[in-house]
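Colleague: next input, structure requested:
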Amino acid sequence: MNMRSLPLLPVAVLMALVILTFWLSRFVQPINANAEGKLRHDPESIIEKFVAKKMSPTGDIQYVLKADRMMHYPDDDSSKMENVLFTATEPGKPELTVRAPNGHLLEGSNEIRMEGGVVMQTQAAPHYPPMQMMTPTLHIYPKQNLARSTTGVVFTTPTLKVNAATFEFNSQSRTANLTRVKGSMSREAAFATTNNTEAKKEVPNEK
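Modeller: Numbering: from 1, shown residues only. A predicted model of the protein is given here:
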């Protein structure tokens, strides 16, 4: 009986396919569900009635952040909040509150962006008149004790109402910086300012 030899070319092709299949199965791994989730902007956790507090080295509360709901997104380490209330306290100064329908925690909570109609208020206290500021969007930097807005603000006190293009407020020193300001002063405040100026003019110089 004559033995026929197998063609060498098909055998070589089959061996190449086996080697390629082995290489692909070893080095090409399927994307797991967790890795794929991090590539999408999907929340990994949802917290109802969210509350976060920052304490000072002496144990006093520096600020409190509350929200009806908080959703954390792992892809950019951000969090979205609903019905947000930010409260800052300083010894000897009136409490400062900021409210907004929506908010975002950015850069690992180093920045809080509040939007949707923001209202910032302080109550009256000795040496500090009540104040209210309204703006579409406000950025809060808790570590720097700063709040900034570049979307236009309406700033009011009992004697003053101004519109400004930008606003920066230091919660520690309770000072506000505004740019491109247009406003009005109440009649009582203007009268008091005028009388004060005239009284200074009438004071004779001591020789």
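Colleague: would you put the C-alpha positions of stretch 45-63 in CSV?
Modeller: Taking C-alpha atoms only, stretch 45-63 is exported to CSV below (Å, rounded to 0.1, in the frame of the first residue of the first chain):
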residue,chain,number,x,y,z
SER,A,45,-23.7,55.8,44.8
ILE,A,46,-26.8,57.8,45.7
ILE,A,47,-27.3,59.2,49.2
GLU,A,48,-30.6,60.6,50.5
LYS,A,49,-30.5,63.5,53.0
PHE,A,50,-26.8,64.0,52.5
VAL,A,51,-24.9,66.0,55.3
ALA,A,52,-21.2,66.8,55.5
LYS,A,53,-19.5,68.9,58.2
LYS,A,54,-16.1,70.6,58.4
MET,A,55,-14.6,71.1,61.9
SER,A,56,-12.0,73.6,62.9
PRO,A,57,-8.8,72.5,64.9
THR,A,58,-10.6,73.7,68.0
GLY,A,59,-13.6,71.5,67.4
ASP,A,60,-16.0,74.2,66.2
ILE,A,61,-18.1,73.7,63.1
GLN,A,62,-16.8,75.8,60.2
TYR,A,63,-19.4,74.8,57.6
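Colleague: buried residues in that stretch, which are they?
Modeller: Buried positions in stretch 45-63, judged by neighbour count with 16 or more other C-beta atoms under 10 Å: F50, Q62, Y63. Every residue, glycine included, has its C-beta placed from N, CA and C.
Colleague: now it: mean pLDDT?
Modeller: Stretch 45-63 shows an average pLDDT of 88 in the prediction.
Colleague: hang on, the earlier thing: dump the buried residues of stretch 45-63 into a markdown table; add distance to V98 as well.
Modeller: A markdown table is the format used below for these (distance: C-beta to C-beta, whole Å):
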| residue | distance to V98 |
| --- | --- |
| F50 | 15 |
| Q62 | 14 |
| Y63 | 10 |
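Colleague: so which of those residues comes closest to P74?
Modeller: Taking C-beta to C-beta as the measure, F50 is the one of the buried residues of stretch 45-63 closest to P74, at 16.8 Å.
Colleague: residues in contact with the residue nearest to that closest one when sequence neighbours are not counted?
Modeller: The shortest distance from F50 to any residue other than its chain neighbours is 3.8 Å, reached at M70 (C-beta to C-beta, 6 or more residues apart in numbering). With contacts taken as C-beta atoms under 8 Å, 6 or more residues apart in numbering, M70 has the following neighbours: I46, I47, F50, S79, K80, M81, E82, L105.
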